[in-house]
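[1] can't give you the sequence, but here's the structure:
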C-alpha cells in the first residue's frame with residue numbers, strides 16, 4: 001500500500017523546509033534507511049531518510065522549492081500502484097476546509113453566477129493602486145459629474161493616496177453613469193468608484209454583479225489600467241501638434257508621467273516634441289532619456305539677448321536585485337520580532353577593566369593545549385556569575401517562570417545567511433580549554449551548516465560578541481526562551497584612574513538585555529557586578 005512522505009519537523013523552530021536536492025528519482029527502488037533528499041531547514045541542511053521499502057512513485061516538490069511541515073513531498077509504494085486518490089486528497093483536511101468554505105460562499109451568494117452582464121455596454125472604474133504601499137485612496141475632488149461625456153485621457157477625479165494627491169484618468173469613452181464615492185470619502189484599492197458606459201446602460205445590474213463577485217469581475221474587466229494610472233500631470237494649455245508627439249496627446253493634452261515631465265523640464269526639452277512609448281502613447285522616463293533634440297536656433301529674449309541655456313541634469317539608472325528569503329532568515333525575522341515586540345526589554349551597560357584578564361590570558365595560553373580567546377573567558381565568567389544569580393538563568397513561559405538549574409550558554413555565530421546560536425552545555429562545569437575547543441568546533445559546523453538539533457537547542461542564556469569587529473558597545477534582542485542576552489563589545493585602550501592617577505588601561509563594555517517580565521533592574525545590575533568582579537580578577541573563575 002502506498003505511503004505518503006511528508007516534510008518532517010527537523011527543529012523546534014522549523015515551519016517549512018526547502019528541498020536542496022533529490023538523491024533519488026521517480027521509479028527508483030527505495031529501502032528503509034535510504035536518503036531520499038537533502039532538506040534545507042532554518043538552521044542546517046539535513047538528510048531526509050526513508051522509513052519504508054518500496055518504489056518512489058511520485059515527487060511532489062521540485063528542487064529549491066519550499067514545503068510546509070507535514071506537506072506532501074513524495075509517495076512510496078508498489079510498482080504500478082494507483083496513487084491518484086492520494087494525490088487528490090493528500091492534504092485532505094485543508095483541502096476539505098477550503099472546499100467547504102468555497103461551497104459555503106457559493107451557496108451564500110447564488111446571485112453571483114446568475115447575473116449576466118455581457119450585454120451591458122458599460123465599464124466599472126475601480127480604485128487603482130497608485131503606490132507600492134497604498135491600500136486605499138481618498139477622492140479629494142471630482143472633476144466630472146454624472147451625465148458628463150468622458151473621453152479616454154480625461155481626468156475624472158483627484159485622488160489622495162498615502163504619498164501624494166494624484167489624478168485619476170479615464171481609459172474609455174462614454175458617459176459618466178455612476179459615482180460611487182463622494183468627494184472626501186475613502187475607498188480601498190480595487191473598490192468601485194465610478195461606471196462609464198453608453199447612455200442609458202443598466203449600470204445597476206453591473207453594480208450588483210460587481211458586489212457579488214468583485215474578484216471575478218475585476219479579473220474579467222476589459223479595463224486595462226496603465227502602470228502609472230492616475231499619475232498624469234494636470235492638463236496644460238494646448239500646444240501646436242507635431243509628428244513627434246502625436247501619440248502622446250489627446251484633445252490637445254500631453255500625456256506624460258510626472259517624472260518624465262519633471263526630467264524634460266530640468267533638461268530644457270519641449271515635452272511636446274517627445275514621442276511616448278508608454279500605454280496609450282504616454283511619455284515615460286525612458287522616452288525622455290532616449291530623446292535627442294534636433295538642433296534649433298537659439299530663441300532671443302525680449303531684450304535681444306540669447307535665452308539662458310539649461311544644462312541637462314545627470315540621470316542615473318535605477319536597479320536592484322531581489323533574493324528569496326532563506327529559511328534561516330525567515331526564522332530569525334519571526335522569532336526576534338516576536339521577542340522584541342512581546343518581551344518588554346530594558347538594557348544595563350557596564351564598563352569592565354580588562355587589564356588583569358589580558359595578563360591572565362597570556363599566562364593561560366603558555367600552557368593551554370588550545371588557544372584561549374577573550375570570548376572563552378567571558379563564557380566561563382558568565383557561567384560562574386549565573387551560578388551565583390540563578391534568577392537570571394530563567395525563561396518566561398506565559399503562566400509560569402522556569403528557573404533553570406543547569407547552565408547552557410548559547411553563543412551567537414554569524415554565517416552567510418544570518419545568525420546561528422550553538423549551545424555550550426553545562427558551561428559552568430567545563431574548563432576554559434574545553435570551552436575553547438567546543439566553541440571552535442560548533443562555529444565550524446555552523447559555518448558549514450552541519451549543526452544538528454542537539455547543537456542549537458536548550459540554551460538558558462545567550463552571549464553575542466561583536467568586539468572582534470571593532471564594535472565598542474551595542475544592544476542585543478533577547479533570544480527566546482532566554483530572559484537575558486549579554487552583548488559584548490571590544491577591548492579598548494583608554495585612560496583610566498588608578499590610585500588617583502590617570503594611567504593607560506584596557507576597558508570593555510558589556511550590555512545586558514533583559515526581559516522585564518522575568519528580570520528586574522536590581523537583579524540584572526547585581527549579575528553585572530558579579531561578572532565585572534570575575535573578569536577584573538579572572539583567577540576567581542578558575543576556582
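    Perfect, thanks for sending it. Computed from a predicted model, the values in this text were never measured in an experiment. Numbers count the residues shown, from 1 in each chain.
[2] Quick check: the nearest residue to residue 528 once chain neighbours are set aside vs residue 532, distance?
    With sequence-adjacent residues excluded and distances taken as Cβ to Cβ, 6 or more residues apart in numbering, residue 528 is closest to residue 350, at 4.6 Å. The way it works is simple: take the backbone N, C-alpha and C, and place the C-beta from them, glycine included. Between residue 350 and residue 532 the computed distance is 6 Å (Cβ to Cβ, to the nearest Å).
[3] and stretch 415-433, how far from the chain's centre?
    Per Cα atoms, centre = their mean, to the nearest Å, the displacement of stretch 415-433 from the mean C-alpha position of its chain is 28 Å.
[4] Which secondary structure elements does the helix or strand hosting residue 177 sit against?
    Using DSSP states H and E, residue 177 sits within strand 174-179. In terms of contacts (3 or more Cβ pairs under 8 Å, 6 or more residues apart in numbering; DSSP states H and E), strand 174-179 is packed against strand 122-126, strand 149-150, strand 192-197, helix 203-212.
[5] And the contacts of that strand?
    Outside strand 174-179, the residues that touch it by Cβ atoms under 8 Å, 6 or more residues apart in numbering are 122-123, 142, 144-150, 156, 193-199, 201, 203, 207.
[6] now those residues: which count as buried?
    With burial judged by 16 or more other Cβ atoms under 10 Å, the buried subset of these is 122-123, 142, 144, 150, 156, 193-197, 201, 203, 207.
[7] hmm, which two among the residues you listed are most spread apart?
    By the measure Cβ to Cβ, 142 and 201 form the most distant pair in these, at 20.0 Å.
[8] The stretch 101-250 of the chain: helices as residue ranges?
    All helices of the stretch 101-250 of the chain, identified by DSSP state H, counting those that start in this stretch, fall at 111-114, 203-212, 214-220.
[9] Kindly calculate the angle that the longest one makes with strand 122-126.
    Looking back up the chat, that one is helix 203-212. Per axes from the mean of the first three to the mean of the last three Cα atoms, to 10 degrees, the angle that helix 203-212 makes with strand 122-126 is 40 degrees.
[10] buried stuff in helix 203-212?
    Of the residues in helix 203-212, those buried (16+ other Cβ under 10 Å) are 203, 206, 207, 209, 210, 212.
[11] quick one: which of these is nearest residue 321?
    residue 210 (39.2 Å).
[12] And the closest one, how close does it get to residue 497?
    Residue 210 is 78 Å from residue 497, by Cβ to Cβ.
[13] Also residue 485?
    Taking Cβ to Cβ, one finds residue 485 at 31 Å from residue 497.
[14] higher neighbour count, the two?
    Between residue 485 and residue 497, residue 485 has the larger neighbour count (other Cβ atoms under 10 Å), namely 25 against 9.
[15] mind checking which helix or strand the more buried one is in?
    Counting by DSSP H and E, residue 485 is part of strand 484-498.
[16] Quick check: what element follows that strand along the chain?
    strand 501-515.
[17] was I right about residue 166 contacting residue 156?
    No - Residue 166 is beyond contact range of residue 156, at 11.8 Å (criterion: Cβ atoms under 8 Å).
[18] mind showing which ranges of the stretch 1-150 of the chain have poor pLDDT?
    11-12, 89-114, 116-118, 131-133 (pLDDT under 70).
[19] picking up where we left off before, pLDDT and distance to residue 357 added to the buried residues of helix 203-212, as TSV?
    Shown next, in TSV, are these (pLDDT from 0 to 100; distance: Cβ to Cβ, whole Å):
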residue	pLDDT	distance to residue 357
203	84	81
206	80	79
207	84	77
209	80	77
210	78	73
212	73	74
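[20] Please consider this matter closed, and thank you.
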